[in-house]
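In: Just a sequence and a predicted model for now, questions to come.
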Amino acid sequence: MKFEEGYYITPSNLPNKGILFVDHAANNRSGHLGHALVQCENGDILAFYPNCSDDGGGHSAVGWMEYKRSRDFGKTWEPSMIYTYSKQYFQLGINTSVMAEKAVVTNDGTIVIFHLLCDISENPLWEPYRVPTYSRSFDQGLTWTKAEEIDKDCGRIYDAVYYEKEIFVLKFCNDARINWTGCLPEHQYKIYVSNDSGASFHKRSVIPFSTYGRGYGTLCFLKNGDLIAYCYNSADEYHADYVISHDSGRTWEKPEKAYFAKKLRNPQMIAFGDGYLMHGRSGNTEPDAGNFVLYYSENGIEWDDGRILAKCEAGYGAYSNSIIIDEPNRERVYIHSSHAYADNKTNILAWWVDKI
């Protein structure tokens, strides 16, 4: 089944027709990294986004996280709320900001949200990275526990998924002091797992990627139960490295490459319907750099030619995330992405993907 035959993008298939979720342009603000999405046990959706300064033309981590709640499956959203941990940490004056990139909900209703901690003492960018943290909520995201660390390594949690009562975390252990892509032997992608709703985590394996020049990453369980991990290759934006595990991340096959016709940076993969979706930026190199693109695959490895959801109009954005929203009698995919409105200053756009 081809994507065009089985799915419908709303509100339009045309570029730059996403739903305006956060209008940062109204206040000369920006929001690149930090698009955690989660559907609570009671059906509420929590959609997080960064509220940052216009430093560096908007390519900035100088700020904090906010979020909106929907109680009607995304039809309407309540007013924005401050994510307290992020705002309070920023206000400590220790030149550290907290971005919330991923969240999961477990079978007992616990929400676990994962944070990127950015050292902004020398520049407004996200690097270098401090030790990432996570928090939990037991009341549908109304209150959160004190932040904890999975381990003591600096780096970035690129993805988190929940599968068969286990939380799987993809962490890139690289403090980004030299470069945000891998450049030393100790720069490794690791899988951490929790089987107690985030009360504790343990390292399950090191993914056998060659990490030189690699960054970003995404995890997805395939229909047959295999776990696939992808990462970005800065030297070849038309091909992303992937590796498959047949035993829930304990051991891995050798890395392979998948082709993306419109290029792919900061990949995000999700299983939906009879296939898989992958979205991200159409690379940083011409031609056609900086667009927000969406691909479809029947097997999670061979991808179609893709389609542009938002064409690059100013600087770069297209940092994104997606989740499946369970509604009565149907499932939908909800996608968030940053989109530059001037320089690298970004608004937040949203899309729905429906099965026909």
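Out: Arrived safely.

In: ok, Y242 touching P255?
Out: Yes - using CB atoms under 8 Å, Y242 makes contact with P255 at a distance of 6.9 Å. Quick note: C-beta positions are derived from backbone N, CA and C, even for glycine.

In: part of a helix, is A160?
Out: No - counting by DSSP: H, G, I helix; E, B strand; the rest coil, A160 falls outside a helix, being strand.

In: hey, what's the nearest residue to it once chain neighbours are set aside bridged with?
Out: Spatial nearest neighbour of A160, chain neighbours left out: K102 (4.3 Å); criterion: CB to CB, 6 or more residues apart in numbering. According to DSSP bridges, the partner residues bridging K102 are F114.

In: distance of K102 from H115?
Out: 9 Å (CB to CB, to the nearest Å).

In: I figured the residue nearest to A160 hits S320, correct?
Out: No - using CB under 8 Å, K102 is not in contact with S320; the gap is 11.9 Å.

In: on that earlier part again, quickly list what's touching both of K102 and H115.
Out: I157 (CB atoms under 8 Å, 6 or more residues apart in numbering).

In: mind checking how far the residue lying closest to K2 once chain neighbours are set aside is from N233?
Out: Leaving aside its sequence neighbours, K2 sits nearest to D304 (CB to CB, 6+ apart; 6.7 Å). Distance of D304 to N233, given as CB to CB: 20 Å.

In: out of the two, which sits in the more crowded spot?
Out: N233 (21 against 17; other CB atoms under 10 Å).

In: How about the contacts made by that one?
Out: By CB under 8 Å, 6+ apart, the contact list for N233 reads G213, R214, H239, A240, D241.

In: cool, and L227?
Out: Per CB under 8 Å, 6+ apart, neighbours of L227: Y163, F168, L219, C220, F221, I244, S245, S248, G249.

In: just curious, which of these is nearest to D55?
Out: Distance to D55 across these (CB to CB) is lowest for L219, with 31.6 Å.

In: Who does that closest one form a beta bridge with?
Out: With DSSP bridges as the rule, L219 is bridged to A229.

In: neighbours around it, how many?
Out: Neighbourhood size, L219 [other CB under 10 Å]: 22.

In: got it, and L349?
Out: 23.

In: Wait, a strand at it?
Out: Yes - L349: assigned to a strand according to three-state DSSP.
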